[in-house]
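Undergrad: 3D, please:
(2 chains)
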There are 2 protein chains.
Amino acid sequence: MRGAMIHAPRDIRFETLDDPKILAPTDAVIRTAVTCVCGSDLWPYRGLEPTDEPHPMGHEYVGFVEEVGSEVTAVKPGQFVIGSFATSDNTCVNCRNGFQSNCLHREFMSTCQADYVRIPNAQGTLVATDQVPGEELWPSLLAVSDVMGTGWWAADAAEVGPGSTAVVVGDGAVGLCAVIAAKEMGAERIIAMSRHETRQKLAREFGATDIVTERGAEGVARIRELTGGIGADSVLECVGTEEAMHQALRCARPGGNVGFVGVPHGVAVDGQELFFSHVGLRGGPAPVRRYLPDLVDRVLSGAITPGKVFDLTLPLDQVAEGYAAMDERRAIKTLLKP
Amino acid sequence: MRGAMIHAPRDIRFETLDDPKILAPTDAVIRTAVTCVCGSDLWPYRGLEPTDEPHPMGHEYVGFVEEVGSEVTAVKPGQFVIGSFATSDNTCVNCRNGFQSNCLHREFMSTCQADYVRIPNAQGTLVATDQVPGEELWPSLLAVSDVMGTGWWAADAAEVGPGSTAVVVGDGAVGLCAVIAAKEMGAERIIAMSRHETRQKLAREFGATDIVTERGAEGVARIRELTGGIGADSVLECVGTEEAMHQALRCARPGGNVGFVGVPHGVAVDGQELFFSHVGLRGGPAPVRRYLPDLVDRVLSGAITPGKVFDLTLPLDQVAEGYAAMDERRAIKTLLKP
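TA: Modelled structure (predicted):
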């Protein structure tokens, strides 16, 4: 089969690789229906995370079950399945507590920009649809496997509730999906912090009521102006930089909540500042599996269309161009078709 | 009147001071029934917070209303009242959100180790009892104005719930009151981290089911051993040092909660560690006013007896000895009688 490998920063190659095999009785192998490039893939692409040796890339996927291990009974060959970037047995104590992305048997996916993918913990990870959904739904179902699940988690961790005010920091695919989540959870006012016109437009389409283009201290001042001087009930941090985290914490009202879902790079939170803010802070890799059945239903019913974050579609063999387009901000998110 | 002044580290003097007066129509002046020394008073006492010039000390109080400003109608001269170390109007948006210790008109109390005390924002801050309670209840009511309210907040911020496992980091008066709070909120297992026998005993009396004497990495390992390898649902951080905060974060299970109520001194939280832990973190000065009516009822009904944290009672004029005894860990907490 063929798949993407990173060799060094800005060096993504589409290569012939060994076909994945069932290695454990809990594995499945799927044929990729569609896959994509994630904002977090840009960290190694830009050299901000080291690439010590060439390795496969990609952690988002929907596909058709090809083969299952002997212990996998929940899905069958031929079924269309959606999973998560973090696999989980869905039975351990952390899974039962709703934190499947902290499963005791967790393995992070990392080989999905390929024709075929091995899925560890398939029994607990994969959710099959009743029927093969129409191709027009695949992008939104793909989004559920990571960016939509992560945006949902941002809103959940930030405790967005009916009638509340939510601020979304970050206008990448996750931030845009976080707008969808805030809207679905009943936020009355959704303020998207974005300075890119195409993203602002999509944020509005997804439910943003206000756009703030300022950043840093000016952005915080603008949010306070819009929220009666005190800040927002919920702030959804969808970037992962120190600047974004501080901006998020300072946009929340006393006793408000920040959900942070961008993998933090060089972020330290000052204990005393957090203390006097009364702000609650929770983040982490999204427990997508917890939300998967609900989010799949919302996509199938047409309630949400997170697939709109894909504004560039390429054949899988042009994966390198998919990275370049996102790196240069020519695309929000690249869909890849095998 | 007479009151305590700090002049320099370890230099507490009991001096003749001006009688407090009504300065604003929202003020009250109370005659102190009992007051005390707080663990946080030891920061300047030990020189860990600077004392640039002599100033009064003390922020815990119960007393009798002497005089009220023209806008104070909620309490009357002669009534027995309990307040909070942070005053609040109890009407602003932060108060309505339940964060009275972040009131837009907040003033922190700082002159309470004295015969008389001026209470700003008296209307929103003071709660009067129906009758003057018996003197045997005064220590517990005094505890409610700070350490018991703060222990309650630790448990609330850490989302202690029925049947849960709670760990309390810190065996000072706040930590011991946090044990009471965890018990009242229905925790099934309450693990107190303490290496002092008298405090362990009181922790057990208050409801602790287990005592862990180890600290740091060893303490974390012991907590994991006691919690099926994953950590506790709720951790109540009642110290404020970096070591205590890290210990607390690492004692919580994935997706658990840390409530931190010790004023952080030199604490930085690593964003990536917090991220991958999924732990929720919330702290701050306790919104005592939110809990005051309920906690006063629990004391008056005999359900809780937080006054037991006072293991040394001195006349107010021996306040300096009260500090020394706590500094040298001869006393958990010193009650002072005018």
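
Undergrad: does A:K308 really touch A:L202, like I thought?
TA: Yes: contact criterion CB atoms under 8 Å: A:K308 and A:L202 qualify, at 6.3 Å. In short, each C-beta sits where N, CA and C put it, glycine included.

Undergrad: Between those two, which is the more surrounded one?
TA: A:L202 (22 against 19; other CB atoms under 10 Å in any protein chain shown).

Undergrad: The more buried one: which element?
TA: Element membership for A:L202, per DSSP states H and E: helix A:197-206.

Undergrad: For that helix, list every residue counted as buried.
TA: A:199-200, A:202-204, A:206 (16 or more other CB atoms under 10 Å in any protein chain shown).

Undergrad: Ok, stretch A:239-255 next?
TA: Buried, per 16+ other CB under 10 Å, within stretch A:239-255: A:239-241, A:244-255.

Undergrad: One more: stretch A:1-15?
TA: Buried-residue list, stretch A:1-15, by 16+ other CB under 10 Å: A:3-6, A:12, A:14.

Undergrad: what does stretch A:208-215 give?
TA: Here stretch A:208-215 shows A:208-212, A:215 as buried, counting by 16+ other CB under 10 Å.

Undergrad: Out of the residues you listed, which sit inside strands?
TA: A:210-212 (DSSP state E).

Undergrad: Spell out which residues of the stretch 101-250 of chain A are next to chain B.
TA: Residues of the stretch 101-250 of chain A that fall close to chain B, judged by CB under 8 Å from any CB of the partner chain: A:101-102, A:157, A:228, A:230, A:242, A:245.

Undergrad: Among those residues, name the ones in helices.
TA: A:157, A:242, A:245 (DSSP state H).

Undergrad: Show me which of the ones in strands among the buried residues of stretch A:208-215 is closest to chain B.
TA: Comparing these against chain B with CB to the nearest CB picks out A:D210 as the nearest, at 19.1 Å.

Undergrad: In three-state terms, label the closest residue to the closest one other than its chain neighbours for me.
TA: Closest residue in space to A:D210, ignoring its immediate chain neighbours: A:I191 at 4.4 Å, by CB to CB, 6 or more residues apart in numbering or on different chains. On the three-state scheme (DSSP: H, G, I helix; E, B strand; the rest coil), A:I191 is labelled strand.

Undergrad: Give the bridge partners for A:I191, please.
TA: A:V167, A:D210 (DSSP bridges).

Undergrad: give me the number of residues near it?
TA: Neighbour number of A:I191 under other CB under 10 Å is 26.

Undergrad: cool, and A:A217?
TA: So A:A217, with other CB under 10 Å, has 11 neighbours.

Undergrad: tell me the contacts of it?
TA: Listed by CB atoms under 8 Å, 6 or more residues apart in numbering or on different chains, the contact set of A:A217 is empty.

Undergrad: at 10 Å what do you get?
TA: A:246-247, A:250 (CB atoms under 10 Å, 6 or more residues apart in numbering or on different chains).

Undergrad: before we move on, what about A:V296?
TA: A:V296 touches A:62, A:82, A:127-129, A:133, A:137, A:140-141, A:144-145, A:148, counting by CB under 10 Å, 6+ apart.

Undergrad: one step back: now for the residues of the stretch 101-250 of chain A next to chain B, which sits with the most neighbours around it?
TA: A:S101 (28 neighbours).

Undergrad: A:G83 is in contact with that one, correct?
TA: No: using CB atoms under 10 Å, A:S101 is not in contact with A:G83, being 11.8 Å away.

Undergrad: Need the overlap of contacts for those two.
TA: A:288-289.

Undergrad: thinking again about what came up before, make JSON lines out of the buried residues of helix A:197-206 and add pLDDT.
TA: Shown next, in JSON lines, are those (pLDDT from 0 to 100):
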{"residue": "A:R199", "pLDDT": "96"}
{"residue": "A:Q200", "pLDDT": "98"}
{"residue": "A:L202", "pLDDT": "98"}
{"residue": "A:A203", "pLDDT": "98"}
{"residue": "A:R204", "pLDDT": "98"}
{"residue": "A:F206", "pLDDT": "98"}
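
Undergrad: that older thread, for the contacts of A:A217, which one is nearest A:L336?
TA: Taking CB to CB as the measure, A:Q247 is the one of the contacts of A:A217 closest to A:L336, at 31.8 Å.

Undergrad: quick one on the thing from earlier: from the buried residues of stretch A:239-255, which ones fall inside strands?
TA: A:252-255.

Undergrad: Out of those residues, which comes closest to B:V174?
TA: Nearest member of these to B:V174, counting by CB to CB, is A:G255, at 19.9 Å.

Undergrad: Not counting sequence-adjacent ones, nearest residue to the closest one?
TA: In space, A:G255 is closest to B:F99, 4.0 Å off (CB to CB, 6+ apart).

Undergrad: pLDDT wise, what is the one you found at?
TA: Note for B:F99: predicted pLDDT of 98.

Undergrad: That one touches B:V288, doesn't it?
TA: No: using CB under 10 Å, B:F99 is not in contact with B:V288; the gap is 11.1 Å.

Undergrad: Mind listing the shared neighbours of the two?
TA: By CB under 10 Å, 6+ apart, the residues touching both B:F99 and B:V288 are B:86, B:88.

Undergrad: So what are the structural domains in chain A, by residue number?
TA: Per automatic domain parsing, the domain ranges recorded for chain A read A:2-146+A:287-337, A:150-283.

Undergrad: right, so those: which one is the most enclosed?
TA: Ranked by mean neighbour count, these are led by domain A:150-283 with a mean of 23 (mean count of other CB atoms under 10 Å in any protein chain shown).

Undergrad: returning to that earlier point: return the member of the ones in strands among the buried residues of stretch A:239-255 nearest to B:H265.
TA: Nearest member of those to B:H265, counting by CB to CB, is A:P254, at 21.2 Å.

Undergrad: Please read off the pLDDT at the closest residue to the closest one other than its chain neighbours from the model.
TA: Closest residue to A:P254 apart from its sequence neighbours, by CB to CB, 6+ apart: B:N102 at 3.8 Å. B:N102 carries a pLDDT score of 98 in this model.

Undergrad: right, and B:N102 touches A:S277 too?
TA: Yes: between B:N102 and A:S277 there is a contact under CB under 10 Å: 8.1 Å.

Undergrad: middle-most residue in chain A, spatially?
TA: Central residue of chain A (CA atoms, centre = their mean): A:V147, 2.3 Å from the mean position.

Undergrad: for it, what are its contacts?
TA: So A:V147 contacts A:36, A:38-40, A:60, A:85, A:172-178, A:180, A:238, A:261, A:286, A:288, A:306-307, A:309-310, A:332-333 (CB under 10 Å, 6+ apart).

Undergrad: so how far is chain B from it?
TA: The spacing between A:V147 and chain B, counted by CB to the nearest CB, to the nearest Å, is 17 Å.

Undergrad: Over to A:V269?
TA: For A:V269 relative to chain B (CB to the nearest CB), the value is 4 Å.

Undergrad: what sits against that residue?
TA: A:V269 neighbours (CB under 10 Å, 6+ apart): A:242, A:245-246, A:249, A:258, A:260, A:279, A:281, B:267-271, B:274, B:281.

Undergrad: My read is that the residue nearest to A:D210 contacts A:E214, right?
TA: No: at 11.3 Å, A:I191 does not count as touching A:E214 under the criterion of CB under 10 Å.
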